[in-house]
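Engineer: For reference, the sequence and a predicted model appear below.
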Amino acid sequence: MFKQLHLNITLAEALVLMPKYQKMLKALLSNKEKLQELANTPLNENCSAVILKKLLEKLRDPGKFLIPCGFSELKCKALADLGASINLMPLSVWKKLGLPDLIPTQMTLELTNRAICTPDGITRDVFVPVGKFTFSADFVVVDYESDPRVPLILGRPFLRIARALIDVHGEEMILCDGDERLTLNKKHDTASYSNHPYRDSVNLIIIFNLSSKDYLKDLVSHKQSGSPTFSLHKEIASPEVIPEFHDSKGCTF
């Protein structure tokens, strides 16, 4: 161990310092076994990873992924939400786009302020232009106040249709149409999204089956049981849907 030590000092300095370190060197030399143990102390995997800098760098939250929609009547962005089983559209946007009459639906949604509301209906086969692609999607239309910059919520149905590939680390989203790909870079193709809640904005989506005999029971007790009944409309969900509810940030309860 001492053979590996090198001191770059003058002889005069060494002569001055030698008496001060005499006792310390004598004590160290009298405990050679302990020095040998210290020189060969094994490290566990975690310590080795830290010393060798093998740990991955900690990164910040990339934020929400937005999809730019280029409707001829409206230029806006939509929130890509893997936690949502439906696509959501405000009634004001439906009117602005001049879409066909709504299809009645038997479901209810819970808003941020815990108010229970009934959707105005379902609009089917809406053409959603995204860059050079155009996708067809069904939307549940609700009369609520939304962020004018990000009024739409595109859930799993749309993301599956668009064959979306989300690269969280690279902050990119890739949409596919056949063999063609469209890459949306979060830093350049999407604007920052305000997290300020709107009074009646949709935060928690709970879908109840109004035709069920247990609807009132579910409506009163869903917060305790956490087991609401999904409305099995073929436009919205398949019979294989597992009962669940989730918020717009992607958290499933």
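Structural biologist: On my side now, so go ahead.

Engineer: Can you mark which positions in the strand or helix carrying P129 are buried?
Structural biologist: Assigned by DSSP states H and E, P129 belongs to strand 121-130. For strand 121-130, burial by neighbour count (16 or more other CB atoms under 10 Å) applies to 121-123, 126, 128, 130. Placement of C-beta: from N, CA and C, glycine included.

Engineer: can you tell me the average pLDDT over it?
Structural biologist: Averaging pLDDT along strand 121-130 gives 96.

Engineer: Quick check: G170 vs K187, distance?
Structural biologist: 10 Å (CB to CB, to the nearest Å).

Engineer: Which of those two has more residues huddled nearby?
Structural biologist: G170 (12 against 8; other CB atoms under 10 Å).

Engineer: any idea how far K132 is from the more buried one?
Structural biologist: 21 Å.

Engineer: who touches the helix or strand containing A78?
Structural biologist: Element membership for A78 (DSSP H and E) is strand 75-80. With contacts defined as CB atoms under 8 Å, 6 or more residues apart in numbering, strand 75-80 is touched by 64-69, 93, 128, 148-154, 159, 164, 166, 173, 190-191, 193, 248.

Engineer: Give the buried subset of those as a PyMOL selection command.
Structural biologist: This is the PyMOL syntax for the buried subset of the contacts of strand 75-80, where burial follows 16+ other CB under 10 Å:
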select buried, resi 64+65+66+67+69+93+128+150+151+152+153+154+159+164+166+173+190+248
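
Engineer: L56: how many residues sit nearby?
Structural biologist: Look at L56: counted by other CB under 10 Å, it has 7 neighbours.

Engineer: can you check I116 too?
Structural biologist: 12.

Engineer: So what would you say the end-to-end distance of stretch 158-171 is?
Structural biologist: 19 Å (CA to CA, to the nearest Å).

Engineer: same question but for stretch 165-177, I mixed them up
Structural biologist: Counting by CA to CA, the terminal residues of stretch 165-177 are separated by 12 Å.

Engineer: Which of the contacts of strand 75-80 fall in helices?
Structural biologist: Among the contacts of strand 75-80, the members falling in helices are 93, 159 (criterion: DSSP state H).

Engineer: ok, the nearest residue to L99 once chain neighbours are set aside - contacts?
Structural biologist: The shortest distance from L99 to any non-neighbouring residue, by CB to CB, 6 or more residues apart in numbering, is to T123 (5.0 Å). Neighbour list for T123: 89, 94, 99-100, 102-103, 138-139, 141 [criterion: CB under 8 Å, 6+ apart].

Engineer: Scan these and report the most crowded one.
Structural biologist: Highest count within those by other CB under 10 Å belongs to F139, 31 neighbours.

Engineer: wait, what's in contact with that residue?
Structural biologist: Counted by CB under 8 Å, 6+ apart, F139 has contacts 86-89, 94, 122-123, 126, 152.

Engineer: Paired strands for the strand or helix carrying V140, with orientation please.
Structural biologist: In this structure, V140 sits in strand 133-142 according to DSSP H and E. If you go by DSSP bridges, strand 133-142 pairs up with strand 88-90 (parallel), strand 121-130 (antiparallel).
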